[in-house]
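J.: Sequence first, then the predicted structure, then my questions.
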Amino acid sequence: MTLSVYTTYANIFCPPNKTLFCNDDIYYLPLTGKPTVINYPYSLAKYFDISSLNQCRVGNVQRIWYIDQNQDGSFQSSEPNCSQTLTLQAVSDQIIIDFPEDKMYMCKEDIVTDKPTWSSGPCDVLGYNISETIFEVAPDACYKIYRKYTVINWCTYNGQNSNNHGLWTHTQIIKVIEKTPPTIKDCTNKIIGVESDCKATFSINNSAFDDALCASQELTWTVDIDLWADGTTDFRYGQNETGPFKLNPVGNNQEISITLPDRVSVGKHKVYWSVRDQCGNFKTCLTYVETKDLKKPTPYFHDFLTAAFQGNIMNLVISASIFNIASFDNCTPASKLKYSFSPNVNDTIRTITCSSAGFRFFTIYVTDLDGNQESIDVFMLIFDNGTCNVSSGISGRITESNSRPIENVTFSLSREGGDTLTTYTDADGRFIWTDISFYDDYTIIPDFSTHLYDRIDIGDIKKLQNYIMGLDHLVNFEYLAADLNGDKKIKISDLELLKKIVLTGSSTDQSNWFFASETDTIHDVNSLKNINSSLEIMRYDGNADFKAVYKGDITGANYIESDPRSITFLTKKVNGNIVDFYLSEKKMCKGLQVELVLPELNDKINIHSDYFELSPNSMKFDNQNNVIRFLTTEEFSITEDLSLFTVTMMEDLEAKQIMISSFSKMINEENSISKIKIRTGIHSESEVGISPNPGYDIFHLDHQDAIISAIYDLNGQSIEFKQNNRDLTLIAQTGIYLVKIILNGNVYFKKLVKY
């Protein structure tokens, strides 16, 4: 702005320049001065200020006075004017700052934000700033807040003063406290069992929880371990430790676990637990830990011993230690172990007299130096060899290898130069001899010759054939069932014998069963050499156990064989003297056995198949029963348009009378076995029944069209009978019989019991 100063005809004159203080009123004209106005009314004198004051009102103000000639309230350069300078100086005065004092709060209280107060000069401009630092770990508080206050007088502080003139600071300390210590969960004494080397892995764990109003989120542990409680800290675990001994803070109620680097032998030890919460509260406790031998000794005994004595001369004294072979303990030397007949370690002797001879049962206890005991049952067979004139008993049980008991098995008890004693098994397979004198050369021998007509079939042949060819394997008692000739080997000769038994429907000798004494597992074919079919009394342990295996019953040797549930139906088509048997569906066959029942047999009857070869060794003509049996183990796929097999008969024989018996079976693709039947009428086997069963002499057939073809005893021998319509008279002794019944082209076998 350009100001014109009129010197010749100026009509206004400014008051002199003034020096004032910052708190002076520059608008109070009696203080600052008034202008002199010439030739104009004073009321037309106006001014405006140009300020150069800072925020503390220190600096200069240029005041322009002018005569508002046109009275528009604004200055024009053409109007008379003049300039006055007002200089404002600072007022020096004492500044007093009051900062908030330190405070303490409980953890649930609200923390107030305090402010600083002060007294200052009239023109001073003060401001403040607050910054906070929180320290969560403090020895005398739950946590601390360091609140820093900074007050600045912006009128005197320029940020470069070395003495921070115009700057004041203060730090307020706020403590947040909580006095409830955490709770250690487990301070109970502990016992750690040592292991086989008489040392223990020293592992302990614990936890703590802070249930105060302001629960700590982290807990800090220190654990001191004094092995053998001798007053020396052997191991310390804590936050300030290093390596495996460092324990980082854990969460509230979180478990800590400690395992010493060295295994510890037997002894008593101290564990000092110390836990601290974030509020500085401590809790400690002491735990006694004992590393102790808790392991029972390991008995290694003779579980069966025999002894003989002359009871009429001297009693037999038995020590419990005689049963020991090599018992051992992890901490007690074998020589320090004690043996007794009861938990009482001093009960070490038993005296056997004539009244207590025979089979005896004892429980032997072995005790270590720490009192740990283990017991085991042992047996002793004590022979008086007839000198005491007292008697005892021998018992046992026989089951099939699939655990099914066998009734009516003959057992003989014999010795050289003595009489043979015979007994029979009951329905549970048990046998017993009572009131006998014990001799140490007794032998127990089973005998059972019952022939089971349909126990073995094509499935057993296929199984044995695949084993010999290396295509399958045998398990456990299947090895014994496969050794048909009893030579302790499994060869082609066994397979040929098995085929012969299936084709003929009868066994080749009087013994249809194998017996295994005290044997539960057969590992391989070489194990057959170790199987005994009889039991020497010196191996008798109070119960003579035998397994019985039916010769050739390989597929049923290890489990209870169930009758095939599936049925394969054949359709019989007769064309003159030619009979074709067709399958009604496509099917994969892995083996086949068939029994045809004809009106009569002669050498002009021929059987042919386009699927398999029939050699003389695979066929059997039974002229006595008018039956033809054949089998094959070839695998082939059957179609509906090509007959499974064809029978060509003499022209004068009734081809329609050909029937298929229940002997006929097929191995399916999934190795299951199904029965083969001719599809005619539908009859359930329950219709082809005999009642009453059991019965006496006269029985009744349940179906009017049923015809009895033959009746066999359990040895496969034919039995005489008479049939009058539906009445059957059986001319035989009491026993179990198989009745062969023909109904509408199908052959059924029914078990009949006569008493």
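T.: Yep, it's here. Numbers count the residues shown, from 1 in each chain.
J.: Flag every buried residue along the host helix or strand of Gln84.
T.: According to DSSP states H and E, Gln84 maps onto strand 81-89. By neighbour count with 16 or more other Cβ atoms under 10 Å, strand 81-89 contains the buried residues 81-82, 84, 86, 88. To be clear about C-beta, it is placed using only N, CA and C from the backbone, and glycine gets the same treatment.
J.: Any chance of a markdown table for those, columns pLDDT and distance to Ile191?
T.: Output for the buried residues of strand 81-89, formatted as a markdown table (pLDDT from 0 to 100; distance: Cβ to Cβ, whole Å):
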| residue | pLDDT | distance to Ile191 |
| --- | --- | --- |
| Asn81 | 92 | 109 |
| Cys82 | 94 | 110 |
| Gln84 | 94 | 104 |
| Leu86 | 94 | 97 |
| Leu88 | 93 | 91 |
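J.: For these, name the two members farthest from one another.
T.: Farthest-apart pair in those is Asn81 and Leu88; separation 22.4 Å (Cβ to Cβ).
J.: rewinding a little: could I get the buried residues of strand 81-89 as a markdown table with distance to Leu369?
T.: Below are these laid out as a markdown table (distance: Cβ to Cβ, whole Å):
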| residue | distance to Leu369 |
| --- | --- |
| Asn81 | 124 |
| Cys82 | 124 |
| Gln84 | 118 |
| Leu86 | 112 |
| Leu88 | 105 |
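J.: The stretch 51-200 of the chain: strands as residue ranges?
T.: Secondary structure of the stretch 51-200 of the chain by DSSP state E, counting those that start in this stretch: the strands cover 59-67, 81-89, 96-98, 103-106, 117-119, 126-135, 143-153, 167-177, 183-184, 190-193, 199-200.
J.: Turn those strands into JSON lines, including distance to Glu496.
T.: Shown next, in JSON lines, are these (distance: least, Cβ to Cβ, whole Å):
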{"stretch": "strand 59-67", "distance to Glu496": "134"}
{"stretch": "strand 81-89", "distance to Glu496": "138"}
{"stretch": "strand 96-98", "distance to Glu496": "121"}
{"stretch": "strand 103-106", "distance to Glu496": "100"}
{"stretch": "strand 117-119", "distance to Glu496": "121"}
{"stretch": "strand 126-135", "distance to Glu496": "97"}
{"stretch": "strand 143-153", "distance to Glu496": "95"}
{"stretch": "strand 167-177", "distance to Glu496": "98"}
{"stretch": "strand 183-184", "distance to Glu496": "81"}
{"stretch": "strand 190-193", "distance to Glu496": "62"}
{"stretch": "strand 199-200", "distance to Glu496": "64"}
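J.: out of these, which comes closest to Phe13?
T.: In terms of Cβ to Cβ, the element of the strands of the stretch 51-200 of the chain nearest to Phe13 is strand 81-89, at 6.1 Å.
J.: Specify the angle between that closest one and strand 59-67 in degrees.
T.: 160 degrees (axes from the mean of the first three to the mean of the last three Cα atoms, to 10 degrees).
J.: residues in contact with strand 81-89?
T.: Here strand 81-89 makes contact (Cβ atoms under 8 Å, 6 or more residues apart in numbering) with 3-5, 10, 12-22, 24, 26, 32-33, 35, 53, 57-67, 75.
J.: give me that answer again for 7 Å
T.: The contact list for strand 81-89 (Cβ atoms under 7 Å, 6 or more residues apart in numbering) reads 3-5, 12-15, 17-22, 24, 26, 32-33, 35, 53, 57-66, 75.
J.: okay, it in CSV with CA atoms only?
T.: Output of strand 81-89 as CSV, limited to C-alpha atoms (Å, rounded to 0.1, in the frame of the first residue of the first chain):
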residue,chain,number,x,y,z
ASN,A,81,-3.5,10.2,6.3
CYS,A,82,-0.6,9.5,8.6
SER,A,83,1.2,6.5,10.3
GLN,A,84,1.8,5.7,14.0
THR,A,85,3.9,2.7,15.2
LEU,A,86,2.9,0.8,18.4
THR,A,87,5.6,-1.4,19.9
LEU,A,88,4.4,-4.2,22.3
GLN,A,89,6.9,-5.8,24.7
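J.: just use 50 as the starting number from now, easier for me
T.: That works, and once the first residue is 50, the last one we named lands at strand 130-138.
J.: partners of that strand, with directions?
T.: Looking at strand 130-138 with DSSP bridges, its paired strands and their directions are strand 67-70 (parallel), strand 108-116 (antiparallel).
J.: ok, which stretches of the chain are helices?
T.: Secondary structure of the chain by DSSP state H: the helices cover 78-81, 507-517, 527-531, 541-553.
J.: Quick check: buried residues in the first one?
T.: When neighbours are counted by 16+ other Cβ under 10 Å, the buried residues of helix 78-81 are found to be Thr81.
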